[in-house]
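**Q** Fold the following for me, if possible:
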Amino acid sequence: MPIPPPEERKRSTSRHSLQIDRREKVNVSGMIDVISFDEESVIGETEMGVIIIRGANLHVSKISLESGELAVSGEIDSVTYEAPGGPAKAKSVLGRLFK
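**A** Predicted structure coming up:
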């Protein structure tokens, strides 16, 4: 069964949580979509807004949009959020990253 687009998914199906282990692993639940990822950043949409994980040698070790889970390992430098429905949308986040 295909995964519906983000705007059609229910945002209240699971709870959002963030767990950081020794700045080497990040586990996120309540993921709706992964916008982009590379070795320096992972950008995704959660039930609580857009999340940006930055660091070095980042590796997405688990991603399941059906269960809303994401696991990232590497050297974690920062985790930031953009407010849901706020002025900053995912597209503008990407625009700011590639200026």
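**Q** Who does the closest residue to Ile32 other than its chain neighbours form a beta bridge with?
**A** By the measure of Cβ to Cβ, 6 or more residues apart in numbering, the closest residue to Ile32 outside its immediate chain neighbours is Glu45, 4.5 Å from it. In short, each C-beta sits where N, CA and C put it, glycine included. Per DSSP bridges, the residues bridged to Glu45 are Asp33, Val50.
**Q** Run a quick neighbour tally on Glu45.
**A** By the measure other Cβ atoms under 10 Å, the count of residues near Glu45 is 21.
**Q** how near is it to Arg23?
**A** From Glu45 over to Arg23 the distance is 23 Å, taken as Cβ to Cβ, to the nearest Å.
**Q** related to what we said a few turns ago, pretty sure the residue nearest to Ile32 is touching Val28, no?
**A** No - at 10.8 Å, Glu45 does not count as touching Val28 under the criterion of Cβ atoms under 8 Å.
**Q** List the residues that are in contact with both of these two.
**A** With Cβ atoms under 8 Å, 6 or more residues apart in numbering applied, the overlap between the contact sets of Glu45 and Val28 consists of Ile51.
**Q** Quick check: Leu58 vs Ser36, distance?
**A** 12 Å.
**Q** Report the set of residues contacting both of these two.
**A** Residues touching both Leu58 and Ser36 (Cβ under 8 Å, 6+ apart): Val42.
**Q** Of these two, which one has the most company?
**A** The neighbour comparison of Leu58 against Ser36 (other Cβ under 10 Å) goes to Leu58, with 21 against 13.
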